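*Asks:* would you be able to build a 3D model of this:
(one chain, ligands or ions: 3)
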Amino acid sequence: MSELHVIDISRSLTPNHPNWPGDAAFTVAPGLRVAQGDTVNTGILSTSTHTGTHVDAPWHYDDAGLRLHEVPLDVWVGTCVVLDVRGRAVDGVLPEGVLDALPGTLPPRVLLHTGEPAHWTQFPRDFVALSPALVRMAAQRGVRVIGTDAPSVDPLESKTLDAHAACRDTGIFIVEGLNLSVVPAGVYTLVCLPLPLHGADGAPARAVLLPE
Ligand SMILES: N[C@@H](CC(=O)c1ccccc1NC=O)C(=O)O
Ligand SMILES: [Zn+2]
Ligand SMILES: [Zn+2]
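*Replies:* Ligands and ions are numbered 1, 2, ... in the order given. Model prediction:
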């Protein structure tokens, strides 16, 4: 249909999509139903702002940080590189050395393929996180957005959220829960548009890649 090749890197939000432990469940409950005499079918959506493929607004991890509507949309749209970092974690955390595979100045957006599957049937507690050193190195080399196929840039049990804090300190924005399982490493245009939730700490997003 489109003259563009559009690669979907969003997670399908199926019924029972697993959520962060203790977070709100994802549901789309039936609203109106034609089969029950209503004029249309509708759904009633209930979700955490951090379900599936989503962006973090800085306010998620910094009370002085920007709310979602205050983040310019062009942050989430533009040139990116997908980097295959499968098997590169040390004690569950990616070191800054994973960026050595890329030359010099980096594109403004880097998406890290840690090896999460396309679909989660249960929450992936043992996902690969980012080291603060990796975040700082990325920022030094020109990165403005870091994306990951894991549900967070920090480990599940972290209380200090060091990678989120490094993003706060360096002005890097975060995309989490991508589906990079079918994407070859390389350079693309990222289009990752969060739901326009005014005042929010983050929002589910539809993320796609357009080949260069
Ligand atoms: N860091 C994760 C989410 C997160 O930390 C979280 C999400 C929902 C409920 C509790 C959470 N963290 C609690 O320590 C994220 O940014 O999406
Ligand atoms: Zn999040
Ligand atoms: Zn986060």
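
*Asks:* which residue ranges form the strands in the chain?
*Replies:* 7-8, 27-30, 43-46, 54-56, 77-84, 93-94, 109-113, 129-130, 145-148, 173-176, 186-194, 202-211 (DSSP state E).

*Asks:* so which of the ones you listed gets nearest ligand 3?
*Replies:* With respect to ligand 3, and counting by CB to the ion, the nearest of these is strand 54-56 at 4.2 Å. (Each C-beta comes from the backbone N, C-alpha and C, glycine too.)

*Asks:* list the contacts of that closest one.
*Replies:* Here strand 54-56 makes contact (CB atoms under 8 Å, 6 or more residues apart in numbering) with 50, 68, 71, 76, 164, 173-177, 192, 194, 201-205.

*Asks:* again, only this time at 7 Å
*Replies:* Applying CB atoms under 7 Å, 6 or more residues apart in numbering, the set of residues contacting strand 54-56 from outside is 76, 174, 175, 176, 177, 192, 194, 202, 203, 204, 205.

*Asks:* and that strand, average pLDDT?
*Replies:* Model confidence over strand 54-56, given as mean pLDDT, is 99.

*Asks:* quick check, it touching ligand 3?
*Replies:* Yes. Counting by CB under 5 Å from the ion, contacts between strand 54-56 and ligand 3 involve residue 56.

*Asks:* in contact with the residue most central in space within the chain, which residues?
*Replies:* Centre of the chain computed as the mean C-alpha position; nearest residue by CA atoms, centre = their mean is residue 176, 2.2 Å away. Residue 176 makes contact with 54, 56, 148, 150, 151, 152, 153, according to CB under 7 Å, 6+ apart.
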